[in-house]
Structure formats: C-alpha cells, structure tokens
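Asks: sequence? don't have it. structure:
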C-alpha cells in the first residue's frame, strides 16, 4: 500500500485554490480528501483549506471511524460543520462573500470503502488497469443530461459546463452524496476538475498502468500532461494504491 498527493496551480491561474491531503490513523484507516475552492480575494483557498484542516483534525481525534454506518454519519456530520464554518467566515469577512468549495473524499478501512462528494471534484476506483468514476458531478450540464435535455457529448462543450449546482458555502444546508463501494480495488484516485477537463479517463489510465513509474512519478506525470494540454485550472490529485491481497494495516 502506497499513497501520494500533489497540487499544482496550472498554467493559467496565478494562485492555487485547491487543497489536498491523505491521512492515516492508528487503526490503519485511510482518508483521502480533495477540495477545489472558489471565490474572490483568495477566499477559495481559505474555504478549501478549511475542509482539509477540519477533516484532518476530526480524523486524528478518533482511533477508528467504526462501522460503515458510523463512517457515513461521520462524513455527513463533518460536512455540515464545515459548511457552517464557511458561512460564518463569510459573515465575518464580507469581502469573501461567495466563497465556497467542492469536496470529494474517500475513506478506506480494508472492510469497506466509502466516497463522499459535493461539487465537481471526482472520485475513482482503479481495478485491473481500468478507472471507474464513482462520484457524480453536481453541475448544471449533468442535471441537463440526466433530464434528457443534453447528450453527454454536448455537455463536454457546453458554455455552462462549469456551473455548479452544489458546493460547500453556497447554502445553509450542505448535503453530501455518499457512495458505498466494494473495497477489493487496486487503487483509489481523487482529483479536482483541473485534471479531468484536461485529460480523458483513458489518458489517466495509461499513466497509472505504466509499471516503469513509481507512484510519485505517475502523479507528477499526470500534472505535467494536464499543463501541457493548457493547464487552465489548478490540478490536485490524491492517489492510494492497494496491492492485491494486502491488508490495510
């Protein structure tokens, strides 16, 4: 079992509003988090760092998350707390009005694998050389695709493809989507949309499948490739690789 995470400002943005981390507790449970902040006056990076800081603190406070149901409740409760923190911050700092952040996280214990998502950062599982997207983006175009008003191909190039329908800090109630996934996977990958808008799933797979590269080199290569294709946004990746049959602790 190996993990690595990295964030890069990209080629266009003058600063980085993403935050990313991978944490392991005393029980060998792993938490991966990517948050993509938004808002003027560098408020986006404040919002995204609130997510990582809050979840990191809460995760370190417990020796074990507990059962699958405990994990789901833990995710939901913490997301509600972070949402309130962001809203309280904007009340105290009017210049940060409109600040918010996406959040995608994955909690792996060996017994279960849970993803949580709000916004358009993505969570994938990697198995037998293939990536499968677990999370669903909370975007306007995804809503239009689901209702049959847009095709998936039209959605890729729609002028409003980046419009979010959900994010932390956007309303008083923050509801995170939770996905219960079969834990027998080879890897877990989380990323901000700075990766997925620049590279296709197949292009990401090709890098992950390169056995000549170490895990750190794979993530660096993905970021370099994203920048080579324009790097129009901040790029953040968290990747946990699980060897076949290896226990979580």
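Replies: On my side now, so go ahead. These numbers come from a predicted model, not from an experiment. Numbering: from 1, shown residues only.

Asks: just the mean pLDDT for the longest helix anywhere in the chain, thanks.
Replies: Longest helix in the chain by number of residues (criterion: DSSP state H): helix 68-92. Averaged across helix 68-92, the pLDDT comes to 96.

Asks: buried set for that helix?
Replies: 71-72, 74-75, 78-79, 82-83, 85-87, 89-90 (16 or more other C-beta atoms under 10 Å). In this view, the C-beta of every residue, glycine as well, is placed from N, C-alpha and C.

Asks: as CSV, the residues you listed with distance to residue 144 would be great.
Replies: Below are these laid out as CSV (distance: C-beta to C-beta, whole Å):
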residue, distance to residue 144
71, 32
72, 29
74, 33
75, 28
78, 31
79, 25
82, 28
83, 26
85, 32
86, 27
87, 28
89, 32
90, 29
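
Asks: state the pair within those residues that is farthest apart.
Replies: 71 and 90 (29.2 Å; C-beta to C-beta).

Asks: now the strands for this structure?
Replies: For the chain, applying DSSP state E gives strands covering 2-8, 18-24, 30-38, 100-101, 103-108, 113-118, 122-127, 130-133, 177-181, 187-191, 235-241.

Asks: deepest in the core, which of those is it.
Replies: Using mean count of other C-beta atoms under 10 Å, the stretch among these with the greatest mean number of neighbours is strand 100-101 (a mean of 30).

Asks: which secondary structure elements does it contact?
Replies: Applying 3 or more C-beta pairs under 8 Å, 6 or more residues apart in numbering; DSSP states H and E, we find strand 100-101 packed against strand 30-38, helix 43-61.

Asks: and the angle for the first one with helix 68-92?
Replies: In this structure, strand 30-38 runs at an angle of 30 degrees to helix 68-92, with axes from the mean of the first three to the mean of the last three C-alpha atoms, to 10 degrees as the basis.

Asks: just the mean pLDDT for strand 30-38, thanks.
Replies: The model assigns strand 30-38 a mean pLDDT of 96.
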